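> this one's structure only:
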């Protein structure tokens, strides 16, 4: 089991998880922004 942990560098895993989380948040916020702008256009 130690060989597996030695082979996988945790800094790269942490960086990948961080980038993936940011991408998901940006994707969600992008759709929220589109939805809010559509609502604003309908009210105008």
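That came through, no problem. Computed from a predicted structure; not experimentally measured.
> Could you list every helix and strand in contact with the longest helix along the chain?
The longest helix of the chain (DSSP state H) is helix 10-43. Judged by 3 or more C-beta pairs under 8 Å, 6 or more residues apart in numbering; DSSP states H and E, helix 10-43 is in contact with no other helix or strand. Every residue, glycine included, has its C-beta placed from N, CA and C.
> shaky segments in this structure?
Scanning the chain for pLDDT under 70 picks out 1, 5.
> let's go with 90 and repeat that
1-15, 34, 36, 39, 43-44 (pLDDT under 90).
> List the buried residues for stretch 35-44?
Across stretch 35-44, burial judged by 16 or more other C-beta atoms under 10 Å covers no residue at all.
> ok, now stretch 20-28?
Within stretch 20-28, no residue qualifies as buried by neighbour count (16+ other C-beta under 10 Å).
> Show me what that stretch is in contact with.
By C-beta atoms under 8 Å, 6 or more residues apart in numbering, the list of residues contacting stretch 20-28 from outside is empty.
> Would you pull up how far that stretch lies from the middle of the chain?
2 Å (C-alpha atoms, centre = their mean, to the nearest Å).
> how near is the residue with the largest distance to the centre of the chain to residue 38?
Most distant residue from the mean C-alpha position of the chain: residue 44, 32.2 Å away (C-alpha atoms, centre = their mean). From residue 44 across to residue 38, the span is 11 Å (C-beta to C-beta, to the nearest Å).
> same check, this time on residue 6
Going from residue 6 to residue 38 by C-beta to C-beta gives 51 Å.
> And residue 29, by the same measure?
According to C-beta to C-beta, residue 29 stands 15 Å off from residue 38.
> For residue 3, the count of nearby residues, please.
Using other C-beta atoms under 10 Å, residue 3 has 7 neighbouring residues.
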